[in-house]
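> Let's see this in three dimensions:
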Amino acid sequence: MGDVARIAGVSASTVSHVLNGTRKVDSATRLRVEAAIEQTGYRRNVVARSLAAGRTHTVGLSISALTNPYFGSLVHAVERALSDAGFVLILGDSHDDVESEKRVTDSLLERQVDGMIVAPAAGSERVTLPKITRTGTPLVLIDRGVDIGCDRVGPENFSASQSLTEHLLDLGHRRIAVVRGLAGISSTTERFDGYCAALASRGMAVDADLVIDGHSSTDVAEREVRLLMSARDRPTALISLNNSMTIGTLKAVRALGLSIPADVAFSCFDDFEWSDLFEPRLTAAAQDVETIGATAADLLLRRIHGHDAAPQQIRVPTTIHHRNSCGCPDANR
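Below you'll find the model as predicted:
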């Protein structure tokens with residue numbers, strides 16, 4: 001910075017004001033400083049500046065399955081909100097494995113992030129999250145939740161799954177199979193509970209033979225749905241509870257030469273950006289990803305800036321898009 005100041009014929013504080021925008025500098029002086037920066041190749045030492053300020057202006061995000069389109073959209077929403085506030089997002093993929101999550105979050109803590117957003121893996125409440133809270137690092141849980149006394153934002157899972165199931169029941173289906181996600185995840189439990197509640201409201205018990213554990217995996221869902229739909233007493237309707245499993249379910253149905261909705265009605269949780277390209281178009285519960293991501297970022301920024309109110313538990317409503325994969329006329333065309 002001293003070299004830049006000498007070449008530009010200004011003080012070091014003027015160089016600082018140009019770099020940081022902390023005070024108005026006349027245009028001629030600014031141009032001289034910018035030319036000197038270009039000449040010297042000067043770059044600010046962000047690490048030293050962070051140490052002096054006690055803040056790195058970085059946020060860590062630990063999330064699973066970045067190949068899942070939903071999580072990709074969620075990361076984008078979080079990053080945009082943080083960037084607008086002057087923060088940089090550092091991303092780690094937990095692969096839905098608590099030991100991988102531990103490595104990711106330990107690495108983020110070592111980098112002195114100002115706060116952390118976590119989509120917890122199964123077992124996170126025992127292994128990962130207590131360590132984060134012990135450090136005093138501001139923490140927000142996103143998409144999934146555990147009861148550890150911190151802010152959490154996620155979709156309304158129960159009522160959306162219940163609505164999808166009730167709609168198929170209203171259409172006369174009684175053998176409705178469900179493809180549920182990874183065990184130990186709150187969203188899996190809540191969505192499956194919604195399915196069970198819909199059946200119970202009609203005096204129906206859950207048939208264990210119609211419950212498929214898809215493990216939130218395209219390949220597993222495809223294999224298990226193929227087995228189920230190959231049986232003589234196959235279900236007349238299917239519900240997939242996340243979009244990775246939806247892809248697997250659709251592949252399985254097509255591989256068997258079956259048609260949706262003629263041979264089996266279908267609805268799903270998560271709405272694809274490209275749902276209009278499917279035929280039939282998918283009846284789906286759409287999550288408001290932009291609101292979930294922006295809300296999580298806002299909650300974390302408040303904590304970083306010293307907000308000490310009671311933890312908030314925010315549920316963002318989902319929207320049911322009724323199309324024609326369930327056997328109804330396509331209301332969204």
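> any idea what Glu99 is structurally, helix, strand or coil?
Here Glu99 is recorded as helix under DSSP: H, G, I helix; E, B strand; the rest coil.
> check contacts around the residue lying closest to it once chain neighbours are set aside.
Leaving aside its sequence neighbours, Glu99 sits nearest to Val127 (CB to CB, 6 or more residues apart in numbering; 7.6 Å). Heads up, the C-betas are built off the backbone N, CA and C, glycines and all. Counting by CB atoms under 8 Å, 6 or more residues apart in numbering, Val127 touches Val98, Glu99, Glu101, Lys102.
> gap between Val127 and Ile148?
Counting by CB to CB, to the nearest Å, the separation of Val127 from Ile148 is 12 Å.
> any shared contact partners between these two?
By CB under 8 Å, 6+ apart, Val127 and Ile148 have no common neighbours.
> what about stretch 99-107, average pLDDT?
What stretch 99-107 shows for mean pLDDT is 94.
> tell me which residues of that stretch are tucked away?
By neighbour count on 16 or more other CB atoms under 10 Å, the buried set for stretch 99-107 is Ser100, Glu101, Lys102, Val104, Thr105.
> Quick check: phi and psi on the closest residue in space to the first one that isn't next to it in sequence?
The reference is to Ser100. Excluding the flanking residues, the one nearest Ser100 by CB to CB, 6+ apart is Ser94, at 5.1 Å. Dihedral pair for Ser94: phi -80, psi -10, per degrees, to the nearest 10.
> My read is that Cys196 contacts Val206, right?
Yes - with contact defined as CB atoms under 8 Å, Cys196 reaches Val206; the gap is 5.4 Å.
> Neighbour count: those two, which is higher?
More neighbours surround Cys196 than the other of Cys196 and Val206, with 19 against 14 (other CB atoms under 10 Å).
> follow-up on the earlier one: among the buried residues of stretch 99-107, which one sits closest to Ile247?
Closest approach between the buried residues of stretch 99-107 and Ile247, by CB to CB: Ser100, at 22.9 Å.
> separation between the closest one and Ala122?
With CB to CB as the criterion, Ser100 and Ala122 are 12 Å apart.
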